[in-house]
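K.L.:
Sequence plus predicted model, see below.
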Amino acid sequence: MKKNGIMPALMLVVTLASLVTSRASASTANSFVAGWGDDFFGEASIPDGLANVIAVAANYSHSLALQADGQVVGWGDNTHGQITIPGGLALVKAIAAGNDHSLALKSDGTVAAWGDNSHGQTNVPGGLTNVKAIAAGTYHNLALKSDGTVVAWGENGNGQSAVPGGLANVIDIAAGGFHSLALEADGTVVAWGDDFYNASTVPGGLTHVKAISAGSYHSLALLSDGTVVAWGDNSKGQTSVPIGLSGVKAIAAGGYHSLALKSDGTLVAWGDNTYDQTSIPVGLAGVKAIAAGVYHNLALLSNGTLVAAWGNNGSGQSTVPAGLTQVIAVAAGSSHSLVLKSDGTVAAWGKNDAGQTSIPVGLSGVIAIASGDNFCLALKDDGTVAAWGDNGNGQTTVPGGLSDVKAIAAGGTYSLALLSDGTVVAWGDNGYGQTNVPNGLTHVLAVSGGFLNAQALKSDGSVLGWGYAVYIGTTTNAIAISTSYAHTLALHGDGTLTAWGGNAHGEATIPAGLSHVKAVAGGTAHSLALIGDGTLQAWGSNAFQQTAIPANLTDVIALAGWGYHSLALAAGYPVHIFLPLIEK
């Protein structure tokens, strides 16, 4: 399954394309790290032998650990060099992870930064010294100085880097998606930046605060009595603090979920559970510190136990085989289903007329899956690809020597592979040029396969397509794409959409005023959009009621469309199938 909000046209689960950061949490040496939640880039897969960790930090798709000797270790996505630790970096005493960048506070009070610099977030202000704490937001940073003042740099489109005049006596800082928080010595909180979901509107009378944390669009405060206060976006229940929660000693805000570490070393979590990020591992105890990324979490342990990581745990389909557990990803073809389990194995069910549910003997070490019309792909942890099922167009004949693959996508009867160097390889049906990857195509972040054309999202936010010319389009400033049978949807960072391609049923005609979109999906002739408040909007063909959204369907956290049906996953409920399943 893709992360970054980019889903192959035939995938069953759609992830949300939102960005955030979390703060690092400190602990004692000789600790071990546990991770859980989304692991598409390996951000929840703890490196073998990692020990003597004293702090952790997590973000959208990478993780950091600070060791007792002042060294930093990074793992997960490295598209922007965010886990390429600068040579000679040493004597680090604190770390922070931004969306695609990283920060380190050195013992001499200076700050080092590396990774994405598209908004100046790694341009540490000249002369910045005497820093005692750091925080990283999506594209901005905060530094708390020893005199109690705050310095900010990076993106300021929402005022998140515009430190309020006269702010002083600060003892703690937190950077959210597009807002900032400061805790003052008197136990009060000051907030600035994006306030669309009231994340920067501090509750009246809030006092006795001893710690703060900021998520995508929500904020948390830990009070001196061990209770927690939350405000801002609650579309996934992330600000609905569990009744009776007390004895809390640390907090962490993820993308759309929240964590609380209790004084007895156990955890409590609430909010979005798309990737099991609020499903605390059974038996997890003795936790010393926590960090929350967008879709994954890290916990520092001191008992020598290393807990494995896992992600999305199933689709909720009523036809799931009995006893199927530990599922971390799912994909759907025309009439079959495919799941990836946490042990790296794959299971499948449904039609098998082309061998699409006959898993290759010995297949293991799988980290991602994709399904085409009647075939399947699996990406292995060594960067190679396995394929099976229908091969009528060569779609399961993986090119010899293909390696260093970091993502896969399946079109109707062809396949795509995104390599770690940002280039794309395609094979299979080329009747319309859908496997003729443009010469010189580089810096690709994601790929999506439609029936007759393919699309690539580049690091500069532009989209490039190839294949059937009638269906090809482009745009700029995109953060996610979804290519369906004949049309493509592009989601922009401001929550708006662009569409192109087939429009016979209005599927590429964006409804007037549509905004605050978090995720998109499309079927053969219809389109779906997940809004920030957890509701859905649909347009295009309704011949099979595929755009007839059920009444009172709310709190949606994921959606998918394929053929002539739609799926919605709502928090706390099974998957809603709100129109007939049409077998093609």
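P.N.:
Done, it's in.
K.L.:
so who does Trp153 touch?
P.N.:
Counting by CB atoms under 8 Å, 6 or more residues apart in numbering, Trp153 touches Gly120, Gln121, Asn123, Val124, Pro125, His140, Asn141, Ser161. Any C-beta I mention is one placed from the backbone N, CA and C, and that applies to glycine too.
K.L.:
so how far is Val170 from Val131?
P.N.:
Using CB to CB, to the nearest Å, Val131 is found at 12 Å from Val170.
K.L.:
sorry, that was for Thr423
P.N.:
46 Å.
K.L.:
In terms of packing, which of these two has more residues around it?
P.N.:
Val170 (21 against 16; other CB atoms under 10 Å).
K.L.:
Identify the residues contacting that one.
P.N.:
Leu144, Gly148, Thr149, Val150, Ala182, Leu183, Glu184, Ala185, Val190.
K.L.:
now do Ser527
P.N.:
Residues near Ser527 by CB under 8 Å, 6+ apart: Ser484, His487, Leu489, Ala499, Glu507, Ala508, Val520, Ala521, Ala538, Trp539, Gly540, Gly561.
K.L.:
Next, it: secondary structure please.
P.N.:
strand (DSSP: H, G, I helix; E, B strand; the rest coil).
K.L.:
next one: Ser63
P.N.:
strand.
K.L.:
domains for the protein, by residue range?
P.N.:
The chain breaks down by automatic domain parsing into domains covering 22-301, 313-442.
K.L.:
right, so the ones you listed: which one is the most enclosed?
P.N.:
domain 22-301 (a mean of 21; mean count of other CB atoms under 10 Å).
K.L.:
so how far is that one from its chain's centroid?
P.N.:
Offset of domain 22-301 from its chain centre (CA atoms, centre = their mean, to the nearest Å): 16 Å.
K.L.:
Quickly note the distance from Asp555 to Gly428.
P.N.:
Taking CB to CB, one finds Asp555 at 38 Å from Gly428.
K.L.:
hang on, the earlier thing: between Val131 and Val170, what contacts are shared?
P.N.:
Leu144.
K.L.:
thinking again about what came up before, from the contacts of Val170, pick the one nearest His62.
P.N.:
Set against His62, the nearest of the contacts of Val170 by CB to CB is Leu144 (23.1 Å).
K.L.:
who's that closest one bridged to?
P.N.:
Taking DSSP bridges as the rule, Leu144 bridges to Ala133, Val150.
K.L.:
Surely Asp172 and Gly148 touch.
P.N.:
No - Asp172 is not in contact with Gly148 according to CB atoms under 8 Å; the separation is 10.7 Å.
K.L.:
re the thing from before, so which of the contacts of Trp153 sit within strands?
P.N.:
His140, Asn141 (DSSP state E).
K.L.:
okay, the contacts of Trp153 in JSON lines with pLDDT and distance to His443 next?
P.N.:
Listed next are the contacts of Trp153 as JSON lines, based on pLDDT from 0 to 100; distance: CB to CB, whole Å:
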{"residue": "Gly120", "pLDDT": "95", "distance to His443": "20"}
{"residue": "Gln121", "pLDDT": "97", "distance to His443": "19"}
{"residue": "Asn123", "pLDDT": "96", "distance to His443": "21"}
{"residue": "Val124", "pLDDT": "96", "distance to His443": "25"}
{"residue": "Pro125", "pLDDT": "95", "distance to His443": "28"}
{"residue": "His140", "pLDDT": "96", "distance to His443": "23"}
{"residue": "Asn141", "pLDDT": "96", "distance to His443": "24"}
{"residue": "Ser161", "pLDDT": "96", "distance to His443": "27"}
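K.L.:
OK, contacts around Ile290?
P.N.:
Ser25, Val56, Ala250, Ala252, Leu259, Leu261, Leu267, Asn297, Leu298, Ala299, Leu300.
K.L.:
pLDDT weak spots in this protein?
P.N.:
1-45, 301-336, 469-472, 544, 551, 557-584 (pLDDT under 70).
K.L.:
could you measure Asp186 against Gly148, distance?
P.N.:
12 Å.
K.L.:
What of Ile83?
P.N.:
Counting by CB to CB - Ile83 and Gly148 are separated by 32 Å.
K.L.:
Ok, Asn59 next?
P.N.:
Separation of Asn59 from Gly148 (CB to CB): 27 Å.
K.L.:
Give the helix, strand or coil label for Ala182.
P.N.:
Ala182 ends up strand, using three-state DSSP.
K.L.:
Now neighbour count too, for the contacts of Ser527, in TSV please.
P.N.:
Formatted as TSV, the contacts of Ser527 follow (neighbours: other CB atoms under 10 Å):
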residue	neighbour count
Ser484	30
His487	29
Leu489	29
Ala499	22
Glu507	27
Ala508	25
Val520	25
Ala521	28
Ala538	23
Trp539	19
Gly540	26
Gly561	29
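K.L.:
So which of the residues you listed belong to strands?
P.N.:
His487, Leu489, Ala499, Val520, Ala521, Ala538, Trp539, Gly540, Gly561.
K.L.:
Would you mind giving these as TSV with distance to Gly286 added?
P.N.:
Output for the ones in strands among the contacts of Ser527, formatted as TSV (distance: CB to CB, whole Å):
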residue	distance to Gly286
His487	51
Leu489	45
Ala499	50
Val520	42
Ala521	41
Ala538	47
Trp539	51
Gly540	52
Gly561	44
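K.L.:
nearest to Ile549, of the residues you listed?
P.N.:
Ala538 (5.7 Å).
K.L.:
Now do the same contact list for the closest one.
P.N.:
So Ala538 contacts His526, Ser527, Leu528, Ala529, Gln546, Thr547, Ala548, Ile549, Ser566 (CB under 8 Å, 6+ apart).
K.L.:
coming back round to it: of all the domains of the chain, which one is nearest Asn453?
P.N.:
The nearest among these, by CB to CB, is domain 313-442 at 5.6 Å.
K.L.:
residues contacting the closest residue in space to Asn141 that isn't next to it in sequence?
P.N.:
Distance criterion CB to CB, 6 or more residues apart in numbering; nearest residue to Asn141, sequence neighbours excluded, is Gly154 at 5.3 Å. By CB under 8 Å, 6+ apart, the residues touching Gly154 are His119, Gly120, Gln121, Asn123, Gly137, Tyr139, His140, Asn141, Ser161.
K.L.:
Could you rerun that using 10 Å?
P.N.:
98, 101, 113, 117-123, 136-142, 160-161, 175 (CB atoms under 10 Å, 6 or more residues apart in numbering).
K.L.:
So which of those belong to helices?
P.N.:
Members of these lying in helices (criterion: DSSP state H): none.
K.L.:
re earlier: quick one: which of the contacts of Trp153 is nearest Ser358?
P.N.:
For the contacts of Trp153, the nearest to Ser358 is Gln121 (47.9 Å; CB to CB).
K.L.:
thinking the closest one is in contact with Leu142, fair?
P.N.:
No - Gln121 is beyond contact range of Leu142, at 11.0 Å (criterion: CB atoms under 10 Å).
K.L.:
my guess is Ser61 contacts Gly98, does it?
P.N.:
No - using CB under 10 Å, Ser61 is not in contact with Gly98, being 11.3 Å away.
K.L.:
Once you drop chain neighbours, what's closest to Gly137?
P.N.:
In space, Gly137 is closest to Ala175, 3.5 Å off (CB to CB, 6+ apart).
K.L.:
Okay, and the beta partners of that neighbour?
P.N.:
According to DSSP bridges, beta-bridge pairing links Ala175 with Ser180.
K.L.:
check contacts around it.
P.N.:
20-23, 96, 98, 103, 134-142, 152, 154, 160-161, 181, 193, 213-214.
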